[in-house]
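# got a structure for you, letters missing:
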């Protein structure tokens, strides 16, 4: 879930050519010969070889062009990241080939709404940072945990990136055996365009800034967000996000000062009127969520 405050250019997506029967051939680089070699019909090639995106048709002010589920094939079946909203067609596409594991990046319904349906269709276990989205007998994910992708020459490293929500994670895609970062699934922490909301009070701006600094250290590898395409450099985008957030925080600080000088209370609504005066009505609630987080950050000494 997110809201687009501004609209820098998002890198376009390109459809992969479908193979026989509508399946999309998957190149797995150094994968073993018996690695899974198909992805769902309509899957889109990402900038990271061996990782595919399956787009959900659920556009809106909080989902932009729709949710981007990710499909990572392995010898034991695919790893699916974020089932998306509950949608029979989308989950059926994700379940069209064997699924070994479902990973959830955070609690918002456009990411977990279809989780139960996909588990029922595939029988695959699910894991997330929050135990609420873990299947029976499954342990919650932990920061720094490595998940193998057998036969694909890849591994996935869990990176806790709270801020958008308290349970938000990113997933670093690494080559094996050298653990070289190839790309990162950023979920809603970094979007293909615009900026995400801080879902306060569950999400905290101070945590979010720390998470952006973590992502910046990954360097110039592609970012694969949950909405609106892909980005060529997570480090460059994280720096832009950090500058934008710090600028907004100063605008909120100034707005509070202005309201105090007028003898008015610095409520979330009053501050939003000043800082987000030009925001569309449909995303006004998201702006107020973010202002709430900004005011809390100022109270915390930011």
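Yep, it's here. Please read all numbers here as calculations on a predicted model, not as lab measurements. Numbers count the residues shown, from 1 in each chain.
# I'd assumed residue 66 was in contact with residue 59.
Yes. Taking contacts as CB atoms under 8 Å, residue 59 lies within contact range of residue 66: 4.9 Å. For every residue, glycine as well, the C-beta is placed using N, CA and C.
# Who has more neighbours out of these two?
residue 66 (20 against 14; other CB atoms under 10 Å).
# separation between the more buried one and residue 168?
19 Å (CB to CB, to the nearest Å).
# what does residue 195 give?
In terms of CB to CB, residue 195 sits 14 Å off from residue 168.
# Please apply the same query to residue 120.
From residue 120 over to residue 168 (counting by CB to CB), the distance is 26 Å.
# Please, where are all the helices along the stretch 1-150 of the chain?
88-94, 109-112, 115-122 (DSSP state H, counting those that start in this stretch).
# and residue 298, which of the ones you listed is closest to it?
helix 109-112 (29.4 Å; CB to CB).
# Mean confidence (pLDDT) on that closest one, please.
Mean per-residue pLDDT for helix 109-112: 98.
# Report the distance from that helix to the chain centre.
11 Å (CA atoms, centre = their mean, to the nearest Å).
# Likewise for stretch 111-118?
Counting by CA atoms, centre = their mean, stretch 111-118 comes out at 15 Å from the chain centroid.
# Please name the nearest non-neighbouring residue to residue 88.
residue 117 (7.1 Å; CB to CB, 6 or more residues apart in numbering).
# hang on, the earlier thing: residue 195 and residue 168: who's more crowded?
Neighbour count, other CB under 10 Å: between residue 195 and residue 168, residue 168 has more, with 28 against 21.
# I'd like the distance between that one and residue 250.
In terms of CB to CB, residue 168 sits 24 Å off from residue 250.
# Report pLDDT for the most centrally placed residue in the chain.
Centroid-nearest residue in the chain: residue 187, 0.5 Å away (criterion: CA atoms, centre = their mean). If you check residue 187, the pLDDT there is 98.
# what sits against it?
The contact partners of residue 187, taken as CB atoms under 8 Å, 6 or more residues apart in numbering, are 82, 105, 106, 111, 161, 164, 168, 169, 170, 225, 226.
# and it, bridged to which residues?
residue 225 (DSSP bridges).
# I'd like to know how far it sits from residue 203.
13 Å.
# same check, this time on residue 286
Distance from residue 286 to residue 203, by CB to CB: 12 Å.
# highest average neighbour count across the helices of the stretch 1-150 of the chain?
helix 109-112 (a mean of 23; mean count of other CB atoms under 10 Å).
# What distance do you get for the residue located most distally from the centre of the chain to residue 75?
The C-alpha centroid of the chain is most remote from residue 263, which lies 40.9 Å away (CA atoms, centre = their mean). Distance, residue 263 to residue 75, by CB to CB: 68 Å.
# Sketch out the low-pLDDT regions of the chain for me.
Under the criterion pLDDT under 70, the flagged ranges of the chain are 1-37.
# Report the contact partners of residue 266.
Counting by CB under 8 Å, 6+ apart, residue 266 has contacts 255, 256, 259, 260, 295.
# What strand or helix carries it?
When elements are assigned from DSSP states H and E, residue 266 belongs to no helix and no strand.
# Ignoring the adjacent residues along the chain, who's closest to residue 185?
residue 171 is the one closest to residue 185 (CB to CB, 6+ apart), at 4.2 Å.
# The helix or strand containing that neighbour pairs with which strands?
According to DSSP H and E, residue 171 maps onto strand 169-175. Partners of strand 169-175 in the sheet, by DSSP bridges, are strand 154-160 (antiparallel), strand 180-187 (antiparallel).
# Pull out the buried positions in the longest one.
The one in question is strand 180-187. For strand 180-187, the neighbour count (16 or more other CB atoms under 10 Å) marks 181, 182, 183, 184, 185, 186, 187 as buried.
# for stretch 119-133, same thing?
119, 121, 122, 124, 126, 127, 128, 129, 130, 133.
# ok, now which ones touch the residue nearest to residue 185?
Here residue 171 is in contact with 81, 103, 105, 156, 157, 158, 159, 184, 185 (criterion: CB under 8 Å, 6+ apart).
# Could you give the bridge partners of it?
Bridge pairing for residue 171 - DSSP bridges - gives residue 158, residue 185.
# any idea how far it lies from residue 182?
11 Å.
# cool, residue 163 as well?
24 Å.
# again, but for residue 91
Residue 91 is 27 Å from residue 182, by CB to CB.
# coming back round to it: ChimeraX command for the buried members of the contacts of residue 266?
Buried subset of the contacts of residue 266, written as a ChimeraX selection, criterion 16+ other CB under 10 Å:
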select :255,256,259,295
